[in-house]
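Asker: this one's structure only:
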């Protein structure tokens, strides 16, 4: 059930009608929320509900076991991690492993030809397994007490706004909120509405209008031989994936506000970053903080010397790349970011550039250009295609007028200019909207939101699934 579908609008309308009545008592509220979330998730394929139920029950009882049998705490933690990562590995990485075993054996002249499992990837499995694991890890660390109510736990794990594409909400942040039966405030209702409308604008106007031209470029039999064309395409993809994913996060946060809850900010204008370290504090914040807290820091972080720090960075970023997809191109994307983070540690180049006149602009442009190179591996269908695209990008071949016309015909140049101006405006650090509101009787934000709603209706692109559903 897509956020940008009639099915979801009808589902949400029915949910909001009953929600004020159901939220008054804990068990009734949690059970209603779980049932609604299971309907939402089971709309794609009801069979995958068994997976989230398995993952949830495993971690719910492992959490209780860690509290009751303290000497077996580590055993319960290992059982939770094996159960979650095992399920994720089977459905997401099994065919990748089989394909690589076949290729390796073939390289040595051994024809094993293991058949692919052909399992369908359950939507959202990468998100809810990580969310569920964080619950047991926090209990093991002593920073969280387990809940004794299974409906309370599943209301946290399966809450439909963030179930299939995040943000990855920590149990210590959401479980206490789920104890509240307070009605929503006027501020929450307005902020929720504003977030939902702006999220839909990012998705249906920006991302969905950019998607066809990006798809056309990467689906062509041979890549177009124009470096400017491919730099433009990668800029388009950078804003497509940013608006697609941050749009989903904004809608999820808005829906949570309407229910009376707060989800963390998941994106904070990543393309104005002046270093890769800053980029990862702005991009997919809930995932990057998850890897920081549950992988990088437990490995030792930066506490055990320079060599260990670089190794921990590489392990974390390679795992982050592999989390995104079962393909070597995603691992290459993670490796590129690891290399850039290591280079920053060694050379301290961001500080050097920022000390120059206009250094902030130079640093932002440099980081953004390298991010675009990384997106080539992320979007390409194979290493060979990524290599061809990168070769053309750095060949600086002459401009093909017909190809550039294709870009203009898709309104992409206008959209790019809008997004670039928006990022520059946000980079100024001046909240112009609040300044205008103070002098116009607080009418600017409602007027702007109404205009954005109209644009969503009349300028929407071809409907498509959210990109991160495939992860």
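Answerer: Sure thing, it's come through. Predicted model, so just to flag it, every value in this text is computed and none were measured.
Asker: need the contact list for the most centrally placed residue in the chain.
Answerer: By C-alpha atoms, centre = their mean, the mean C-alpha position of the chain lies nearest to residue 284, the distance being 5.0 Å. Applying C-beta atoms under 8 Å, 6 or more residues apart in numbering to residue 284 gives the contacts 166, 245, 266, 267. Using the backbone N, CA and C atoms, a C-beta is placed for each residue, glycine as well.
Asker: show me what contacts the residue lying closest to residue 312 once chain neighbours are set aside?
Answerer: Among residues not flanking residue 312 along the chain, residue 299 sits closest, at 4.4 Å (C-beta to C-beta, 6 or more residues apart in numbering). Counting by C-beta under 8 Å, 6+ apart, residue 299 touches 311, 312, 315, 316.
Asker: Which secondary structure state is assigned to the first one?
Answerer: Spelled out, it's residue 311. Classification of residue 311 using DSSP: H, G, I helix; E, B strand; the rest coil returns helix.
Asker: Look up how far residue 300 lies from it.
Answerer: Residue 311 sits 9 Å away from residue 300, going by C-beta to C-beta, to the nearest Å.
Asker: which stretches of the chain aren't confidently modelled?
Answerer: Residue ranges of the chain with pLDDT under 70: 1, 398-414, 416, 422-444, 464-471.
Asker: How is it partitioned into domains?
Answerer: With domains defined by automatic domain parsing, the chain comprises 6-183, 187-470.
Asker: if we can go back for a sec, residue 311 and residue 300 - which one has more neighbours?
Answerer: A direct count of neighbours by other C-beta atoms under 10 Å for residue 311 and residue 300 places residue 311 higher, at 16 against 13.
Asker: If we ignore the residues flanking it in sequence, what's nearest that one?
Answerer: Nearest non-adjacent residue to residue 311 (C-beta to C-beta, 6+ apart): residue 299, at 7.9 Å.
Asker: Would you quantify the distance from that neighbour to residue 306?
Answerer: For residue 299, the distance to residue 306 equals 14 Å [C-beta to C-beta].
Asker: Please apply the same query to residue 175.
Answerer: For residue 175, the distance to residue 306 equals 39 Å [C-beta to C-beta].
Asker: the more surrounded of these two?
Answerer: Using other C-beta under 10 Å, the more surrounded residue of residue 175 and residue 306 is residue 175, with 19 against 11.
Asker: Please tell me how far the most far-flung residue of the chain relative to its centre sits from residue 99.
Answerer: Of all residues in the chain, residue 109 has its C-alpha farthest from the mean position, at 40.8 Å, by C-alpha atoms, centre = their mean. Counting by C-beta to C-beta, the gap from residue 109 to residue 99 is 18 Å.
Asker: what do you get for residue 211?
Answerer: 28 Å.
Asker: picking up where we left off before, which one of the contacts of residue 284 sits in the busiest neighbourhood?
Answerer: residue 166 (28 neighbours).
Asker: sorry, back to before: and the gap between the residue nearest to the centre of the chain and residue 290?
Answerer: In terms of C-beta to C-beta, residue 284 sits 9 Å off from residue 290.
Asker: Check whether the residue farthest from the centre of the chain sits in a helix, strand or coil.
Answerer: Under three-state DSSP, residue 109 comes out as coil.
Asker: got the contact list for the helix or strand encompassing residue 307?
Answerer: When secondary structure is defined by DSSP states H and E, residue 307 falls within helix 306-324. Identification of contacts with helix 306-324 by C-beta under 8 Å, 6+ apart yields 93, 126, 287-288, 291-292, 295-296, 299-302, 330-335, 337-338, 341-342, 345, 378, 471.
Asker: now the following helix or strand past it and helix 306-324, what's the angle there?
Answerer: Sequence-wise, the next helix or strand downstream of helix 306-324 (DSSP H and E) is helix 328-347. If you take axes from the mean of the first three to the mean of the last three C-alpha atoms, to 10 degrees, helix 328-347 sits at 150 degrees to helix 306-324.
Asker: Distance from helix 328-347 to the middle of the chain?
Answerer: The chain centre lies 19 Å from the centre of helix 328-347; the measure is C-alpha atoms, centre = their mean, to the nearest Å.
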